[in-house]
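S.K.: 3D, please:
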Amino acid sequence: MFAIIGIFLVFAAIIAGFLIEKGQILVLLQPAELLIIAGAASGTLLVANPVRILKDIVAGLMASMKGSPFTKARYLSTLKMMYQFLNKVRKEGLLAVEMDVEKPSESSIFKNYPEFLGDHHARDFVCDTLRTAITGGVEPFDMDQMMELDMEVHHSAAVQSADSLNTVADSLPGLGIVAAVLGVVITMGSLGGPPEEIGKHVAAALVGTFLGILLCYGVVGPLAASMKKLADEHNDYLHVLRVLLLAFLKGSAPMIAIELGRRAIPAYARPDFDEMEKNCKNKTAEPVEAAAA
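M.R.: Sure thing, here's the model as predicted:
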């Protein structure tokens, strides 16, 4: 939502300033210049990236429009879920949760947390780790290395789409110059004609440069930065899961493991200890994500 508001403010401020200076708004409407820039940028995107990254870019843009899901409510919900799950493991043993990790959508615990189930990377991260622990014979140090490797691979893939979109943003000023040069070529061909006609061609050429720079720094670049921040926030979320899972596998009590996970939460979304404890031990309350909705 804030991404949409931000883009609206960019265009509103520029148009308002232009109108204050007695500019003619219709001069900025140059479909041919926009077609050159947008079409060439789309072509470079297709040339440089496979289909999977193109799909990731679309998904990342949609996620950026919605805003970050990694709020305090999301973290509290996750801590409560893991506290319930780890308590079950402590009381009944790892074998008792084998079906929970094999079919998380049918788990009596996981099914109460749709946001976790909908995040297939986080779901698989937790379930694959616990599945490995159930098989036995893996030391906590080796388990930690496996989780770290999993996070590195996922984060590397997640930022590829943002990097690709940022590359397109960097190319937009140059494509704007291309559109401007084409406009100058047309202008040179109209020399000797009416001054008004020459003026229109010059204006169109300058608008090409203007659009390239505006789209780079006002739209595409910020969206790429937003996508990268979301990827970093998701990596932070996985890090919290990694910390508490490793603490439990090393023998810590569920509440101690959850507390270690809480301390790994970024400062902007970290709940205090009392808030976390009350939320985890309130078994009759609705999941935090449902209550927040």
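S.K.: what's the single longest helix in the protein?
M.R.: The residue-count maximum for a helix in the chain (DSSP state H) belongs to helix 140-189.
S.K.: buried ones in the next helix or strand after that helix?
M.R.: Next helix or strand after helix 140-189 toward the C-terminus (DSSP states H and E): helix 195-215. For helix 195-215, the buried set under the neighbour-count rule, 16 or more other C-beta atoms under 10 Å, comprises 198, 200-212, 214-215. Where C-beta positions appear, they are placed from N, C-alpha and C, glycine not excepted.
S.K.: ok, so of those, who is nearest residue 29?
M.R.: Nearest to residue 29, judged by C-beta to C-beta, of these is residue 207 at 8.5 Å.
S.K.: just give the nearest non-adjacent residue to residue 44, would you?
M.R.: Among residues not flanking residue 44 along the chain, residue 171 sits closest, at 5.8 Å (C-beta to C-beta, 6 or more residues apart in numbering).
S.K.: surely the one you found meets residue 43?
M.R.: No - between residue 171 and residue 43 there is no contact under C-beta atoms under 8 Å: 10.4 Å.
S.K.: tell me which of the two has more neighbours.
M.R.: Using other C-beta atoms under 10 Å, the more surrounded residue of residue 171 and residue 43 is residue 171, with 20 against 11.
S.K.: from residue 183, how far off is that one?
M.R.: As judged by C-beta to C-beta, to the nearest Å, residue 171 and residue 183 stand 18 Å apart.
S.K.: which helices and strands does the longest helix of the chain pack with?
M.R.: The elements that helix 140-189 packs onto, with contact taken as 3 or more C-beta pairs under 8 Å, 6 or more residues apart in numbering; DSSP states H and E, are helix 31-48, helix 51-66, helix 120-135, helix 195-215, helix 221-249.
S.K.: dump those into TSV; add mean pLDDT and distance to residue 6 as well.
M.R.: Shown next, in TSV, are those (pLDDT from 0 to 100; distance: least, C-beta to C-beta, whole Å):
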stretch	mean pLDDT	distance to residue 6
helix 31-48	91	20
helix 51-66	91	10
helix 120-135	91	27
helix 195-215	85	14
helix 221-249	94	7
